Every structure is written in structure tokens, then in C-alpha cells.
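Chemist: Compute the structure for the input listed below.
(3 chains)
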Amino acid sequence: MYVEKLNPKDYEKLYYYLYLTRYADELICKNYKQGMLQESHHSCQGEEAIAVGSGILLGKDDYVCPSLRARGYFYLKGATLKEMMAGMYGKVTGPSRGKNTSHHMGDMDRGIVCGSGIIGGALPVAVGVGLGIKKRGSKGVVLVSFGDGSTSRGDFHEAMNLAAVWKLPVLFVCENNRMAMGNTIEGEMAIDRVAIRADAYGMPGVTANGNDVLAVYEATAAAIERARKGGGPTLLEFTTHRWTGHGVKDADAYRDRAVVESYKQDCPLDNFRKVLLAKGILKKRDLDRIEKAAMKEVDDAVEYAVQSDHPPVDIVATNVYV
Amino acid sequence: MTILSVRQAIREAMREELLRDDKVFLIGESLGPYGGSFKLTEGLLAEFGPEKIMDTPLSESAIVGCSVGAAMMGFRPIAELMFADFVTIGMDQLVNNAAKMIYLHDGALPLPLVLRMPEGGGATMGPHHSQCVESWILNIPGLKIVLPSNAHDAKGLLKSAVRDDNPVVFIEHKLLYNEKGEVPEGEYTVPIGKAKVVREGKDISIISYSYMVKKSLEAADILAKEGIDAEVVDVRTLRPLDVETLAESVRKTEKAVIVHEAPVTGGAGGEIAAVLQEAAFDYLDAPIGRVGALETPVPYSYTLEQAYLPNTQKIVDKVKQLVTR
Amino acid sequence: MPAELLMPRVAPAMQDGMVVKWLKNEGDKVQKGEIVVEITSEKASCDVEAQADGILHRILANPGDVIPVNKPLAIISLAGDTPEELAKFNVAKPNPAIVVDGKTVEVVIPAAGPADILDGKIKASPLARRIAAAEGVDLALVGGGSGPDGRIIKKDVLAFLAAGAAVKGGRLAAVPSLPDRRIPLTVMRRETTNRLRLSKENTIPVTSVTEIDLTDLLDLYKSAKGVWQEVYDVNVTLNAFFIKAVAVCLRKHDLLNSTLAGDEIVVRGSVNVGLAMNHNDQLFVPVIRNADALSVREIAAGVAAYVGKIKDNKLTVADMSDGTFTITNVGPFDVQFSTPVIAYPQVGILGIGKVNERPVFAGDAIVKRHLCYFSLTYDHRVIDGVPAAAFRKSLKELLERPLSLLG
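Modeler: You can find the predicted model right below:
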């Protein structure tokens, strides 16, 4: 059991990033609706445990390519709240001075692989990063995160197959919220679990509760260890629910409100709080302290973003080539 | 000087770059024991091993995407597509990842990637293995596009492409592979972004690239016997386009015809004509002409395919329309 | 069913009219009573209105085209017209027609040659324009170019400059050019232009000149003029005598009173002599029908009536139709002799020059006589030199013994 090795500081860190992700998301949604942001936001509320529970395992030689809904990875891999938030506001202090969105930002120095607005399009690139890791002889891994919708794309097949054939250190992390924009999983695939697809490529497929941050941690840790030892890729499926519409402009009118509300009874933050308090790992006042610190980081970031300048027009045609 | 075919010249370029830089590797379908669909990589597996000559499944999207990822990691992949037609399957990776990656990093990340592909008709290979794809790619900022017409340029341009920190689409014409030409012994490169006047003339500029340079030179020989002194310019690089060399030629001859194998509509010729009329409007003594393939899929059967393709006579006819004696 | 917009008859004698200006384009909506096109005829100008609500589907005549009365100018599509019905009217614009011998004959006009002006703009390459601008050359003066479709290209401008240099020994002086003046063709001018062009294209004209002594005719004319005016109220002119003489000769040498129709020569039954007249710089050719059967006095009355009509602007197309031969008297304009153009499809025309006082031998004596050159232009395809000479000989005999004309 990998979770047994977690110390109180690790738990604090997990809770800090879970709370920070949730609070930042709520603030982003609120400010977007007030017309203050430019970037089209895809809320991760209710799904925070997947990015936080897996992302916390990534070291400096590891890479992550987050999906559009997996914010925690960025924060855990060193993208600051300030630059991410400035990106949401379309400011020059955001990623690539406003040339890229924050949810696709890339910075290879910090191990963040630029994403693609084409669902599934990042998977072959992540395989290439995995190839690079292998060629370097590094013990690193690359984690590529995507939703259940991506698994219908041809790129999912090509990437999974090639990574398996070449035994590359790639973690395919599927955040299965059972929705592909407006389509339900029954309309997406004739199977109930994405993980069983792994069989067809000759790699392990694991399904775990994505709303239990420790379950996510446990499954990811095993897959990482396997990859570091040269065992090749793993398909990790974390089940969860989407609490909001697809994007911030989506009123989500096509779903039963009662069902969506019921998802909130399975809140990854609440789930983790109960464990922490029940086991006496953290006290209520510890949680309050952590929440306050997270809120300050987010609030400071929003202030920074608001105060930042818009990109100067004269940079628009720069750096198309190096 | 030594005489090499275009195939040998490209293979030499790859071999020399593999030897020169440990970051370079080849990736594509059946490159190793098979030696590549047109035998471009024959013998390289034995010399460099499977770590450097990497055979992939039939996964063009993964080939391009994986090359992008490896280039982001600091490697310099030379990816091969069996046929340029197959770029459609890798197009998302090429357009949405390769072409944009540098800009999305605001120039902080180089993307040294070469995507080689053989294009063109004339070998009765049918509609899915004969197309010319350069203009499909020409509308995508972020990709350099190189189309050599001879062994010397093929080697020198490919070496430049491998050393370029930007993604380069390197389009070879399959009918050129056996064309022989003089190649310097030892190290040399040909710069990307420089067109070349391959035949001097004063009456009209025939502007072409890839296999059609050969046809344009043949046309110039025929025209010379009829008293028309045609200049032939090899574009060599569609992006960046060497507008100044092309415009200088047109300012001299005052007339231009653009020749490529792709269909005329939406072809690179339209773009070249547009920049030329901007750069040399007051020097033009005739409309800019274009010669290209018919507006049909590439037909399979020899007679149909030959009717479809531009050829020496079609170039001669177009020139005579534009040059009044 | 689509409706045809017809060339209206706006005057009783009107046979055709010319399109002046379209006020609507193809595809425009038109309402009943709305003016669609302006036309003009020698009688009158008028606006043509749409006779129904619809869409101007197809224009069949361009400005300048002469269209017979009751022939369609345009097609108006009405609500409910099917594409099939409309497709029937997708026809090419008709060629202009001329009336020959009472029958309408379609004329095929050859395609225009190299044009240097396109939609009012001079066709020239950018390079030619730049050189012309730098050298102060007016491209309109360069004329048709040698490039495709008559485009002026560099070498045309250089040739123009070289020609200028040769004349002036240096660069063309930058003399500002006055703008061209454009005169729209009147119906009559257009008709004249067409007929001259038809003659040029369809005849092989030869002109030969005979000198005739009109001294006796002038004496007769002077004595008859006053008497006929007083007694018959007829203003006789010399032309009446010429018409009579010519008519008599035409009856005798009737090949000159013929027309060439395909592979046969049609010798015309009537001798109808046209007389060219000028009024206000316009040419009119009224026809004296059956002139051989009329007396000089009757002919004179007919000519006088035509002169009146011309002055009153009442001459009709019918008055000028059916001529079989034409006389043009250019003597009053101080012309010695002319080479007149045959009024196709006629085969002959007689030009009469100025009457000159000349010393002439009468035996060994020199006497003053009034001499005049008569030029006969004839279509050599129909008439050879000998019959033409015979005609002139007969004419000379009649005019030099003028009393015979009063028989």
C-alpha cells in the first residue's frame, strides 16, 4: 500500500491542492459569468481528486499533459496560480504572453506538456515525450490526462498501441465523468468501463474511484512504479461525475437536476475531510488554516491577474518560428 | 563531385546527420528491414540499429504526434510518411501540434522536426498515392515547406532541415528518386528559403519546383529553338518563400508562368502569382500564367494520368500565349 | 409564360428603332408601367414600359442595335414561369437585319478585330502603363496593342516612342492631349455606316470616268426651267434630266439595273433611281420609282416633293427603299469627279462632277463648251468593262442631244 507511506505533510498538501482547485474554480466560474475573464472555462468541480491524487506523485523528471478539466496538475507541477489566473484573464503575464490559453499551457522546463484543443490530440504527443524519456535513459514518466470522450478518437488508439509496442513510460489517465459534452457514456461506448480497452493493447487497465483521492494516489503510484521499472504504459480509469455543464457557457439543461445534485453528495473534498478527521490525521483547525492559505493564494492571483496588462499588439507576429 | 541519385542523396543526408548528431533519429513505417517504401532508408538499420531507425505501426497520426513529443524533449526526429497522401491522417498532429507548438510557447521551445513524404503522379499509383499536397500545408503558418528538384538540393536542403529548430515538411517527388545529378563530396548545406535561377533567360520566367523544374527546363529548350529565351527559377522552398529572387527574375523578363504538378485552383501558383504582382506589378507586361494538373482526382490508368498531369508541351503552350513575338 | 418586350411602333411609317439605353439590368424587378428601355427611331424617341410585373430575364438587344418593329427587345419573366419556359429564351442576341427588295435579310457581322479599348478603358499591361506614364505617352494614341486581345504591351509603347523620336528628333514633347469627343450614332448614320460597310465587303467596285458636253443640256434646262415653273408649277433641276437619262440607259443596259443573289444575277424589272441628297450634313437617298417611264417634268416634281419632305423631316424609310441604281451629284461641292460607293445590293452608281467651261475644238475653231465628268462605279462581279462602257456611251449620246429626253 503506497498510501501507508504518506506523512502528515503529504496529507496537508493533498488537502491544500484539493481545496485550492475547488476554490479557484468557483471563483473563475463566478468571475467569468460577471464578464471578467476571456478564457472559456471547463469546470473541474467534483473531479479535483484525480489530478491532485495522481499529480502529487510526479517528480521533477516527470511530465504531465493535463486535459482541459484537470487543473490540479498545473498547480502541482509548478505553474503558479498567478500566471494561470492571468492567462484566464488574457493578460500578458499569462502563459506565452497571451498566445496560449492557460488550460493548454506548456512548459517543458517544469514538465508541463502543451495540450491540444483537439480532444485526444495530445495523446500521440505524450507518447513522443515518453519516447524522449526512454531515449534519455531517464527514470521519468509522462502522465497524459483525458476524458472518456477522448477514448473514441483514433488518436487514443494510435497512442495506446504505439506506447504499448514500444513499452514507453506513459500513464494514460482517463477521467471518466461519463459525459462527452452532451453525450452520455451509453452513447459513447458499448462498454461500461474504459479500462477494459487496455487489454486490447497489451497493457494493464485499472479502474478506481476518482472521488477518493487516496484511491487515485494508490492506483497511480503502482502504475508509476511499473513504468519506472520499464514495464511500459498503464491505462488508469478514475470514475467521477461532472457537476456543471461542459463549459462555463453551457447551462446543462439537458440533464436531470436531481441526478446532478445527487453527484454532489459524493464530493471528493468532503470524502477526504471525513477520512482526515475520522483518522485524526488533521484537526478541524488545521483544515481551516489550510483553506485560508489556499484562498489567499487564489485571491492574490486574481488580484495579480486583474492588475496585469493586456498583451501589447506588437508581439502578435513574433515567435511563430525560432 | 560525385554523381548521386536523389534517393542516394537523401539517404546520404540522413546518414550524415545521424552520424553528426546523436539527437537525430528516423521514425516511420517499414524503414528498417524493408528499407522504406521507396528504399530511402535501405541499409541504415544495419548501420544505426533499431534505436535510431524506428519502425512504427501503421499510425500516421502517432508518427507525427510522437515526433512532436520527441522534438519537445530535445530530439531531432526525421519522420517519414510512406506517401504524401497519408498526411491527411497525420494532419491534426501536423496542423494543431507541430505548426503551433513554438508559437504556443512564445518561442521558448524549439521544435526540430522533419516530416519527409514522397508526393506526385506519373507512376500509375492511383488517386490515393499520387497527389501533390504542398498547398494543403501552405496555409498553415509555423511549418516550413521544402521541395527539392535535384540530388544536390535534396541533400543540402535535407541537412539544413534536420538542423533547423522549426518543423520542416520535406516533400520529395517519387519520380525524382532515380534522377541523377552532381553532388559535392563532403559537407555542404543548401539554405532553406532561397530560390535559385537554374536557367537564365530574358523573355519570360518559368517559376517551378520539385519534378516540374525538370519539365520546365525541357520546355525552355524547346522554346529556345523557337526564339523564346525562357528563364527557369526553382522555388525550392514554399515557406519561407524567396519573394525577392522570384521578383527579381520577373522584373527582368517582365512575364511569368508558374508551373506545379498540383491542380491549379488553390495551388501554390496562386500564392506565388499574388506576391509577384505585389512585388513587381509595374514590371509585368503580361498576365501571370499558371500551369498545373486538371481539376480532377489523379486518375490511375497511364493514358488518363498523362492527360491529367502538366507536361513540357503544356508549359510551352502557356508560354507562347504570354510571349507575343 | 414569359412575356416579350417588343419594339413599339411609335410612328405610322416606323419600321425599326434603335436601342438607346437600358434603365434596368437583367435580373432586376420591373413593374407594369415602369420604363425599362429608351429607344429612338428616325421618327421619334420614346420610353418603352413593362407591360406586366416581373423580372427582366434576358436583354436581347444592346444599345445601338436596330431592331424591327414588333420584334422582341427583352424577355420579362412572370410569376409562375418555369425554368423550362425561361430556358427557351436563353438565345443569343440576334444579328441586325437589313431589308433588301422587301425581304428581311439577316446580316452576319464578323467578330470585331483587336480592340484597344475595353469597357472604355485602354487595355495595357502594367509595364506598358508605367513606361507610358514615365514618358508622357497617351496610351490612347498608341492604338491597338500587339499583346493578346489587343493589349498594349511594352514593345508597343517603345515603338510609339521610337516613331515619335524619329519625327521630332528627340523625346516626345509632353503636349497635353485633348480628350476625345464621342458622338453617338444616329439611326440614319448607323444605317449609312452599315450600308457602306456592306458595300465594301460585298462588291468589287471599279470606277471609270467619261467626259460629257452638257452645253446643249444647259441651254435646254435654262429655257425649260422658267416655262415649267410658270405653266406647271414645277421646279425643275438638272438632276431631273440626269435621272431621266440614266433611267433610259438602265432600261437599255439592264445589267446595271440588277443585283447579285447567290449564283444568279437578278435583273430588276423596275428602274428605280435613287438620288443622293444632303441636308444638314445628313445623307438621304430618296428613290424615283419607274423613272424610265416618267417624263423629266414628272421626275422633277418627284424630286421637288422629296426635297420638301426632307426639309420637313418627313422622309420615310419607304421613300428610300427599293432603289435599283443611284446617282450622286457632287458637282455643286466643287468636285471634279468622285469614286462613289455602290449602294449595295445595287451594282452601279453614277457620280456627277462639276460643270466646267472649257475651250474645245469645233473643227479647227476653238469654242467655249460646258464639260462635266461622269464617274460610273460598277460591281465588276456582275458587269465587265465593255457593257459599262456601252452604258456610258448611251448616256453621253442622250445628254449631248438633250431634246431626245423630252420625247
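Chemist: could you pull out the helices for the chain?
Modeler: Using chain A. Assigned by DSSP state H, chain A shows helices spanning A:8-33, A:48-55, A:72-76, A:81-88, A:122-136, A:154-165, A:185-188, A:198-201, A:213-228, A:257-263, A:268-278, A:284-307.
Chemist: wrong one, I was asking about chain C
Modeler: All helices of chain C, identified by DSSP H, fall at C:83-87, C:126-135, C:139-142, C:154-168, C:187-202, C:215-232, C:238-252, C:296-311, C:385-400.
Chemist: What helices and strands are in contact with the shortest one?
Modeler: Put plainly, it is helix C:139-142. In terms of contacts (3 or more C-beta pairs under 8 Å, 6 or more residues apart in numbering or on different chains; DSSP states H and E), helix C:139-142 is packed against helix C:126-135, helix C:154-168. In short, each C-beta sits where N, CA and C put it, glycine included.
Chemist: Run through the residues that contact the residue nearest to residue C:76 when sequence neighbours are not counted.
Modeler: Closest residue in space to residue C:76, ignoring its immediate chain neighbours: residue C:54 at 4.3 Å, by C-beta to C-beta, 6 or more residues apart in numbering or on different chains. Contacts for residue C:54 (C-beta atoms under 8 Å, 6 or more residues apart in numbering or on different chains) come out as C:2-3, C:29-30, C:76-79.
Chemist: Show me which of those are buried.
Modeler: Burial by neighbour count, 16 or more other C-beta atoms under 10 Å in any protein chain shown: within the contacts of residue C:54 this picks out C:2-3, C:30, C:76-77.
Chemist: any chance of the residues you listed in a markdown table, plus pLDDT and distance to residue A:279?
Modeler: Output for the buried ones among the contacts of residue C:54, formatted as a markdown table (pLDDT from 0 to 100; distance: C-beta to C-beta, whole Å):
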| residue | pLDDT | distance to residue A:279 |
| --- | --- | --- |
| C:2 | 81 | 91 |
| C:3 | 84 | 94 |
| C:30 | 89 | 89 |
| C:76 | 87 | 91 |
| C:77 | 85 | 87 |
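Chemist: Make JSON lines out of those residues and add distance to residue C:332.
Modeler: Converted to JSON lines, the buried ones among the contacts of residue C:54 look like this (distance: C-beta to C-beta, whole Å):
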{"residue": "C:2", "distance to residue C:332": "54"}
{"residue": "C:3", "distance to residue C:332": "52"}
{"residue": "C:30", "distance to residue C:332": "51"}
{"residue": "C:76", "distance to residue C:332": "51"}
{"residue": "C:77", "distance to residue C:332": "56"}
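Chemist: and which of those residues is nearest chain A?
Modeler: Nearest to chain A, judged by C-beta to the nearest C-beta, of the buried ones among the contacts of residue C:54 is residue C:77 at 47.0 Å.
Chemist: who touches the most centrally placed residue in chain A in this structure?
Modeler: The residue lying closest to the centre of chain A (C-alpha atoms, centre = their mean) is residue A:70, at 2.3 Å. Neighbour list for residue A:70: A:44, A:47, A:50-51, A:145, A:175 [criterion: C-beta under 8 Å, 6+ apart].
Chemist: Buried ones from those, can you make that a ChimeraX selection?
Modeler: Buried members of the contacts of residue A:70 can be picked out in ChimeraX with the line below, counting by 16+ other C-beta under 10 Å:
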select /A:44,47,50,51,145,175
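Chemist: Next, format the contacts of residue A:70 as JSON lines and append distance to chain B.
Modeler: Output for the contacts of residue A:70, formatted as JSON lines (distance: C-beta to the nearest C-beta, whole Å):
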{"residue": "A:44", "distance to chain B": "21"}
{"residue": "A:47", "distance to chain B": "25"}
{"residue": "A:50", "distance to chain B": "22"}
{"residue": "A:51", "distance to chain B": "20"}
{"residue": "A:145", "distance to chain B": "15"}
{"residue": "A:175", "distance to chain B": "20"}
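Chemist: mind putting the contacts of residue A:70 in a markdown table, pLDDT included?
Modeler: Formatted as a markdown table, those follow (pLDDT from 0 to 100):
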| residue | pLDDT |
| --- | --- |
| A:44 | 96 |
| A:47 | 97 |
| A:50 | 98 |
| A:51 | 98 |
| A:145 | 98 |
| A:175 | 97 |
